[in-house]
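>>> Prediction below, plus the sequence it came from.
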Number of protein chains: 2
Amino acid sequence: MSNTKVLPLLEPEVPEAVAPCCPPLTERPFTAEEAETAARMFKALGDPVRLRLFSAVASHEGGEACVCDISDVGVSQPTVSHHLKKLKEAGLLTSERRGTWVYYRVEPSVLAAMGKLLTIAPAVA
Amino acid sequence: MSNTKVLPLLEPEVPEAVAPCCPPLTERPFTAEEAETAARMFKALGDPVRLRLFSAVASHEGGEACVCDISDVGVSQPTVSHHLKKLKEAGLLTSERRGTWVYYRVEPSVLAAMGKLLTIAPAVA
DNA sequence: CATCTATGTTGACACATGTCGAACCAAGCG
DNA sequence: CGCTTGGTTCGACATGTGTCAACATAGATG
């Protein structure tokens, strides 16, 4: 074995652009970079099917759900998979295979971060 | 005068789908209609340029700004106008002409409504 | 009225996105 | 090993979207 476990960098999908993202929208005008980062998350939730999938996962027991539990949103199964992938790439969901089924889970910090974006007053006091 | 002020219905752009929209995303799976409504707002903020414009208005003095104050976001003026229109159609901004300039203003209830969508626990107690 | 400035609208175009069917991978099971 | 079930990936297609240049409109001002 020539290359065992070299280059641990360059992970395929890193939801790093989530938690410490940006100040509240009302605090000051967003910079281009901040807008780019935050818009990615809003965009991920900007599709009805994705929003239903995300809500289904987020409201499911333990903030986690099997694909089979939430794939009844009126589109084909490949489309469901496609949207779940998008949500994963946006850092809103994580997935894990356990035996036969694949479970998706929502990061609580994501909701908190996005919620802070939309606060009226930054409470600078 | 044959038709003076008849038919006050059918307004051109009504941001009605904003305030009492949907329960928190984590409360229960969204219905198709709820998702459609909420996704429209998220989608409107899902573009970096629009997010910058919205943030610029929201953070401006009095939650209101002239187009000339916020149109420095790296795109042409028609594009700015186009995005502001989109934000208006999504119910996130309102506009008003005062003399030479057009002022855009953010509805505080909108931020509150979207913030509620992203709350972790609905505090059902 | 002529004209200038500030915004909005139109038309066109490149590109991104949502969707599906078909093919493919991954586990369990006979 | 082949079959079945759950899920993803691929390829293709139609539609949506962001962008700009050109034109149009609304007030102000001379």
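Yep, it's here.
>>> which SSE is residue A:105 in?
strand A:101-106 (DSSP states H and E).
>>> I'd like to know which elements that strand is packed against.
Strand A:101-106 sits against helix A:48-59, strand A:64-66, helix A:67-70, helix A:77-89, strand A:93-98, with contacts defined as 3 or more C-beta pairs under 8 Å, 6 or more residues apart in numbering or on different chains; DSSP states H and E. Bear in mind the C-beta positions are built from the backbone N, C-alpha and C, glycine included.
>>> Run through the residues that contact residue A:70.
A:53, A:56, A:57, A:60, A:80, A:104, B:29 (C-beta atoms under 8 Å, 6 or more residues apart in numbering or on different chains).
>>> ok, of those, which come out buried?
Among the contacts of residue A:70, those classed as buried by 16 or more other C-beta atoms under 10 Å in any protein chain shown are A:53, A:56, A:57, A:60, A:80, A:104, B:29.
>>> Please produce CSV containing these, extended by distance to DNA strand C and pLDDT.
CSV is the format used below for these (distance: C-beta to the nearest atom of the strand, whole Å; pLDDT from 0 to 100):
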residue, distance to DNA strand C, pLDDT
A:53, 10, 98
A:56, 14, 97
A:57, 16, 97
A:60, 20, 94
A:80, 8, 98
A:104, 16, 98
B:29, 16, 95
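>>> Go through those and say which is closest to residue A:87.
Nearest to residue A:87 among those: residue A:53, at 6.7 Å, using C-beta to C-beta.
>>> hmm, stretch A:33-43 touching DNA strand D?
No - Stretch A:33-43 lies out of reach of DNA strand D by C-beta under 7 Å from any atom of the strand, never closer than 8.1 Å.
>>> then that stretch to CSV, C-alphas only?
What follows is stretch A:33-43 as a C-alpha-only set of coordinates in CSV (Å, rounded to 0.1, in the frame of the first residue of the first chain):
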residue,chain,number,x,y,z
GLU,A,33,-18.4,37.9,1.2
GLU,A,34,-20.9,37.8,4.0
ALA,A,35,-23.7,38.0,1.5
GLU,A,36,-22.3,35.2,-0.5
THR,A,37,-22.1,33.0,2.6
ALA,A,38,-25.5,33.8,4.0
ALA,A,39,-27.2,33.7,0.6
ARG,A,40,-26.1,30.1,0.2
MET,A,41,-28.1,29.1,3.2
PHE,A,42,-31.2,31.1,2.3
LYS,A,43,-31.0,29.8,-1.2
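>>> can you list the residues of chain A near DNA strand C?
Within chain A, the positions lying close to DNA strand C (C-beta under 7 Å from any atom of the strand) are A:43, A:46-47, A:49-50, A:75-76, A:78-79, A:82-83, A:86, A:97, A:99-100.
>>> Show me how to select, in ChimeraX, the buried members of those.
Those of the residues of chain A next to DNA strand C that count as buried under 16+ other C-beta under 10 Å are selected in ChimeraX with:
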select /A:43,46,47,49,50,83,86
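>>> DNA strand D: which of the residues of chain A next to DNA strand C is nearest?
DNA strand D lies nearest to residue A:78 out of those, by C-beta to the nearest atom of the strand, at 2.9 Å.
>>> for the residue most central in space within chain A, phi and psi?
In chain A, the residue lying closest to the centroid (C-alpha atoms, centre = their mean) is residue A:92, at 0.9 Å. Main-chain dihedrals, residue A:92, degrees, to the nearest 10: phi -90, psi -30.
>>> per-residue confidence for it?
For residue A:92, the model assigns a pLDDT of 96.
>>> any idea how far it is from residue B:72?
Separation of residue A:92 from residue B:72 (C-beta to C-beta, to the nearest Å) stands at 31 Å.
>>> Quick one: distance of stretch A:41-58 to the chain centre.
The chain centre lies 9 Å from the centre of stretch A:41-58; the measure is C-alpha atoms, centre = their mean, to the nearest Å.
>>> ok, that stretch near chain B or not?
Yes - counting by C-beta under 8 Å from any C-beta of the partner chain, contacts between stretch A:41-58 and chain B involve A:42-52, A:54-56, A:58.
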